[in-house]
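> can you look at this prediction? I've put the sequence above it.
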Amino acid sequence: MNIKQFEYKPLSHYSYAIVSDGNMAVIDPERDPQQYYDFAQAHNAKITAIIQTHPHADFVSSHLEISKDTGATIYNSEKLGADYSHQAFDDGDSISLGSITLKAINTPGHSPDSITIVATEGNKTALFTGDTLFIGDVGRPDLRENVGNMTAKREELAEMMYDTVTNKFDALPNDAIVYPAHGAGSLCGKNLSDAASSTLGDERKGNWAFKDQSKEQFMNTLLDGQPFIPSYFGFNVDINKHGADSLGPNIKKVPFTKNTTAKGLIVDTRAEADFKKGHLEGSINIQAESDTAKFETWVGSIVEPKEKFTLVTDSEKNKEKLLNRLAKIGYEKQVVEVITLSDENLVKTEVLDLADFKKHPNNYTIVDIRNQSEINEGKFFENALEHPLNDLRKTVIQIPTDKPIVVHCAGGYRSAAGSSIIDNELKGATVYDLSDAIEDFK
């Protein structure tokens, strides 16, 4: 069985291609379809099927674009209520892909319309579990209370997940390979493993969800301590239900200018050090210097869906790459323009006197912008105010300004964004970013 796993690290997303006898199926494809076209060409295969395990919340899929480009049929659960042309793929349905048979199992729990794909060839079995079964965990049940064709309360979905784990995989062999849609770092679960795949037998032994427990115990464990829900998640469910526009034209529409001013919301993607040396007033520093940084997640958590913004980069050559990254979450249409900066009209960020802060921490208002789940595990500063970054633009007004403000996260990446938000909103306040100096306090 020829299976290729593709990984997009910033969103911890796995997508797949299966090839047999010159035919290829793509499962849960990310926004940019080119890698699937390249793989098909390299294996002299034709893409004949695109399968969606559910309408994903954390990324925008290219299923509609691939179908338009190749003529391939899109398969998904009829419960999804897709607005695009598709073939229903539910319990009892199957697809022939060369010598491979693909069957659908309805596995609700993460969403009401989730399916697992069972691929068999001879005595080999592979399971493409989407966001239902992860390595070491199962998908969170709290993302579909207000969006999608089928909505369900988290308690209802948690109960569905219990029934799915308890009953839906029983007939499948222990040596079936489990291929999930996400790995560690995804916000679609809370305890995902770093492993990219597993076997069903190993999951039955080591995954907490398969342990002998009551429905109540299972539901309590599943519902407790789930991470925050970024602003863009519901937005992406709706895009995926409808089918996203083709990627290329959207990116080409966004202008590039060499500018020294910008109106409205400004997202500065440059490195923290460059931002602090000089930036446009009102900018939020969400860094995209690293190809693995959670840029998409934090743009989609800080900036609201459909909220327009200007994107700052240090070079025109980065324009297409940045817009491609924003397109992963459907935000490329919100970009008014991409700009670079001159040396005019820039403001600098004040530098914290770290020695004074260490000696006199009570002379400062300390703001902890880590996720609530991180804060619950323990604080670095006993008197720190809790303002998780995903809610900071809404809660910043509550932060007192009678003392200099010091902002920290767990490593420095998020505090660059958090300190810039506070500096923008609390005019006249003195705001410092503790940055990676937080390591001195761990």
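Right, received. Where do you want to start? Residues are numbered from 1 along each chain as shown.

> on the three-state scheme, Ala17 is what?
Ala17 carries the three-state label strand when classified by DSSP: H, G, I helix; E, B strand; the rest coil.

> just checking, it touches Tyr36?
Yes: under the criterion of CB atoms under 8 Å, Ala17 makes contact with Tyr36 at 6.0 Å. Every residue, glycine included, has its C-beta placed from N, CA and C.

> and the two? Which one has more around it.
Tyr36 (24 against 21; other CB atoms under 10 Å).

> per-residue pLDDT, the more buried one?
Predicted confidence (pLDDT) at Tyr36: the value is 98.

> what touches both of Ala17 and Tyr36?
Common contact partners of Ala17 and Tyr36 (CB atoms under 8 Å, 6 or more residues apart in numbering): Phe6, Met24, Val26.

> and the last one, that's in a strand?
So the one you mean is Val26. Yes: Val26: assigned to a strand according to three-state DSSP.

> do you know how far Thr129 is from Val118?
Thr129 sits 10 Å away from Val118, going by CB to CB, to the nearest Å.

> neighbour count: these two, which is higher?
When Thr129 and Val118 are compared for neighbours, Thr129 comes out ahead with 29 against 20, by other CB under 10 Å.

> what's the neighbour count on the nearest residue to Tyr364 once chain neighbours are set aside?
Leaving out its chain neighbours, the residue that sits closest to Tyr364 by CB to CB, 6 or more residues apart in numbering is Val406, at 4.8 Å. Neighbour count of Val406, defined by other CB under 10 Å: 25.

> SS state for Val406?
If you use three-state DSSP, then Val406 falls in the strand class.

> residue contacts, it?
The neighbours of Val406, taking CB under 8 Å, 6+ apart as the test, are Leu352, Phe357, Tyr364, Thr365, Ile366, Val367, Tyr432, Asp433, Leu434.

> dump the residues you listed to CSV, plus distance to Val335 and neighbour count.
Supplementary listing: the contacts of Val406 in CSV, determined by distance: CB to CB, whole Å; neighbours: other CB atoms under 10 Å:
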residue, distance to Val335, neighbour count
Leu352, 32, 20
Phe357, 37, 19
Tyr364, 36, 20
Thr365, 34, 21
Ile366, 34, 23
Val367, 29, 25
Tyr432, 30, 24
Asp433, 25, 29
Leu434, 30, 25
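
> just those now: which is nearest Glu78?
Comparing the contacts of Val406 against Glu78 with CB to CB picks out Val367 as the nearest, at 47.8 Å.

> show me the beta-bridge partners of that closest one.
Taking DSSP bridges as the rule, Val367 bridges to Leu385, Val407.
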